[in-house]
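Asker: Could you look at this predicted model? Sequence included:
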Amino acid sequence: MKNNVIKYFILLFFGTLVVAQENQPKNILFIIVDDLRPVLPTYGVSQVVAPNVTALANDAVQFNNAFVNIPTCGASRASILTGIRPTREYFKKFTASISNDMPDAITFPGLLKSNGYTTISNGKVSHNINDMKHTWSEIWRPKGRFNDQDYVDEETSEILQAEGLPGVYPFERLDVDDAAYKDGKIANKAVKDLKKLKNSGAPFLLAVGFLKPHLPFNAPKKYWDYYNFEDIKLPPNNTFPTNGPRSAGNWYELVKYKGIPKDVEGAARNGALHTLDQDFAKKLIQGYYACVSYTDAQIGKVLKALDDLGMRDETIVIFTSDHGFSLMEHNRWSKHNLFSVENRVPLMIRVPGLTEKAQSMSYVELIDLYPTISELLGLETPKDVEGTSLVKNLKDPSIISKSVSYSRIWNGDMVSSPDFLYAEWTSEETGNVYDNMLYDLKKDSLEMNNLADEPKYRKLIDSLSQNIKSKSIF
């Protein structure tokens, strides 16, 4: 009798364990958006219409201090997928690829695929469509020219083909369906894939990369109509910082387009100061917001399909961006530099059965996503991965597990903390610092007064400079 009782409790224990394991989320829906800064209602920007991401936040942990490790597309995505920091030797620029820079790296799609997962890449996940192609079960992008230049108007498209970007404006506002632009097609493909994956029953990684709000700011008219031009405001820090370093003044992406005066173009390319016409600047901001709302609607279609198919409780959802974007902050546009606005991104993680609506103030680097995914799925993280798992933060969002982030671009390196942002540009030949900037974020959250030349901050700058070199977590 005693033995039977023991056997019963053993069976009960293991039976419960099996049920618990079966109920754990086994799939990953990874949503990455191009050029999206945290201009979302849940991040305090109530002007922007984004109901679907807002709904996602209702049972996710939102990270308010998430930063990329390099603010340019290809390099950032390579860093995210490998969990490895960019350096001067690899993951350096927007065309960077893992296949070229680090072909032996085990990406997190590769790790999942080797463990029996179906891995699908839809849209712009890697910058280069064939990057680490063997790590994906399927790679798909919409047909057509794929360098993010997606115009629907036929005349504009013809001009683009004939003259390139100097012949077209950096925005388009047409009364068309969502699927007229590529992000609508990407959302539709993701919905179809979810249906197929539901039927297959195999665990999966579905990575969905949306193009907007990357330039040009092209979105259906109904999303533009969310925003009255008269309500669009320029940022309060729309001038270059006092004593700002010349190295931080360069913005060259927008200047390729029609409508940018030549004197602005020349100044922007050389790090000099010049200001766009204010109405033109407001039109650009309106277009960016419209694209955010358009992309939010596409995200909503994918999340609704996940719910409708009964897959919500078995699928982890991760939502983020490859870098931020300046909308005339510091008299700059685009990314490729070391101010916070170009490096800070939205990040939400929803884990069924684990997360509830919460916000975390812990600093996060996007290299942290890889070990987070592997831990959530019970997989071993490769030793080369440099990120730190966020699972403890998902369990207890009040934990501050990291209070610093690092980013770099070209010859510049940056360290950011709740108190200070420090960036320095160093010579490749000598290693000497030729430009730097320091902002007291407690007193100067808009990063407008560069303190780097003030003698009383010399010891702090020396300490932060050493910290950049060591990448220590403090």
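Answerer: That came in fine, so what should we check first?
Asker: In the stretch 151-300 of the chain, where is pLDDT below threshold?
Answerer: The model of the stretch 151-300 of the chain has pLDDT under 70 over residues 265-274.
Asker: all helices for it, in order.
Answerer: Remark: helices of the stretch 151-300 of the chain, listed N- to C-terminal, are 154-163, 182-200, 221-224, 262-269, 278-308; assignment by DSSP state H, counting those that start in this stretch.
Asker: Tabulate these (TSV), appending mean neighbour count and distance to Pro38.
Answerer: C-beta coordinates here come from the backbone N, C-alpha and C atoms, glycine included. TSV is the format used below for those (neighbours: other C-beta atoms under 10 Å; distance: least, C-beta to C-beta, whole Å):
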stretch	mean neighbour count	distance to Pro38
helix 154-163	13	31
helix 182-200	19	19
helix 221-224	18	19
helix 262-269	15	25
helix 278-308	21	10
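Asker: any chance of these in JSON lines, plus distance to Leu111?
Answerer: Written out in JSON lines, the entries for those read as follows (distance: least, C-beta to C-beta, whole Å):
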{"stretch": "helix 154-163", "distance to Leu111": "39"}
{"stretch": "helix 182-200", "distance to Leu111": "18"}
{"stretch": "helix 221-224", "distance to Leu111": "37"}
{"stretch": "helix 262-269", "distance to Leu111": "41"}
{"stretch": "helix 278-308", "distance to Leu111": "23"}
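Asker: out of the ones you listed, which comes closest to Lys459?
Answerer: Of all the helices of the stretch 151-300 of the chain, helix 262-269 sits nearest to Lys459, with 35.0 Å by C-beta to C-beta.
Asker: Touching, Tyr227 and Tyr288? I think so.
Answerer: No: contact criterion C-beta atoms under 8 Å: Tyr227 and Tyr288 do not qualify, at 9.7 Å.
Asker: Quick check: the gap between the residue most central in space within the chain and Ser470.
Answerer: Centrality entry for the chain: nearest residue to the mean C-alpha point is Ser321, 1.6 Å, by C-alpha atoms, centre = their mean. Using C-beta to C-beta, to the nearest Å, Ser321 is found at 28 Å from Ser470.
Asker: quick one, what contacts the residue nearest to the centre of the chain?
Answerer: Contacts for Ser321 were tallied using C-beta atoms under 8 Å, 6 or more residues apart in numbering; they are Ile32, Val33, Asp34, Asp35, Leu36, Arg37, Val68, Val345, Pro346.
Asker: Which of the residues you listed sits closest to Asn115?
Answerer: Distances from Asn115 to these, taken as C-beta to C-beta, are shortest for Ile32 (21.3 Å).
Asker: Who does the helix or strand hosting the closest one pair with, and is each partner parallel or antiparallel?
Answerer: Under the criterion of DSSP states H and E, Ile32 resides in strand 27-33. Listed by DSSP bridges, the sheet partners of strand 27-33 and their directions read strand 204-210 (parallel), strand 315-321 (parallel).
Asker: Out of those, which is closest to Ala105?
Answerer: Taking the strands paired with strand 27-33 one by one with C-beta to C-beta, strand 204-210 is closest: 16.6 Å.
Asker: any idea how far that closest one is from the chain center?
Answerer: A distance of 14 Å separates the C-alpha centroid of strand 204-210 from that of its chain, computed with C-alpha atoms, centre = their mean, to the nearest Å.
Asker: And the contacts of that strand?
Answerer: For strand 204-210, the surrounding residues in contact (C-beta under 8 Å, 6+ apart) are 27-34, 108-109, 112-113, 117-125, 183, 186-187, 190, 193-194, 197, 295, 298-299, 302.
Asker: same thing but at 7 Å, please
Answerer: If you take C-beta atoms under 7 Å, 6 or more residues apart in numbering as the criterion, strand 204-210 is touched by 27-34, 109, 112, 117-125, 183, 186, 190, 193-194, 197, 295, 298, 302.
Asker: That strand versus helix 278-308: what angle between them?
Answerer: Here the directions of strand 204-210 and helix 278-308 differ by 160 degrees (axes from the mean of the first three to the mean of the last three C-alpha atoms, to 10 degrees).
Asker: how far is stretch 305-317 from where the chain is centred?
Answerer: Taking C-alpha atoms, centre = their mean, the mean C-alpha location of stretch 305-317 is offset from the chain mean by 22 Å.
Asker: who touches that stretch?
Answerer: Contacts made with stretch 305-317 from outside it, assessed by C-beta under 7 Å, 6+ apart, are listed as 25-29, 56, 191, 194-195, 198, 350-352, 376.
Asker: mean confidence score for it?
Answerer: Per-residue confidence for stretch 305-317 averages out to 98 on the pLDDT scale.
Asker: Need the distance between the two termini of it.
Answerer: Chord length of stretch 305-317, first to last residue, is 13 Å (C-alpha to C-alpha, to the nearest Å).
Asker: Show me the helices in the stretch 301-450 of the chain, by range?
Answerer: With DSSP H, counting those that start in this stretch as the definition, the stretch 301-450 of the chain shows helices at residue ranges 340-343, 369-376, 391-395.
Asker: Looking at those helices, which one is packed in the most?
Answerer: For the helices of the stretch 301-450 of the chain, the largest average neighbour count (mean count of other C-beta atoms under 10 Å) is found in helix 340-343, namely a mean of 26.
Asker: now could you export just the CA positions of it as PDB?
Answerer: Taking C-alpha atoms only, helix 340-343 is exported to PDB below (Å, rounded to 0.1, in the frame of the first residue of the first chain):
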ATOM      1  CA  SER A 340      20.200  59.400 -27.100                       C
ATOM      2  CA  VAL A 341      17.400  60.000 -29.500                       C
ATOM      3  CA  GLU A 342      19.200  58.000 -32.200                       C
ATOM      4  CA  ASN A 343      20.100  55.100 -30.000                       C
END
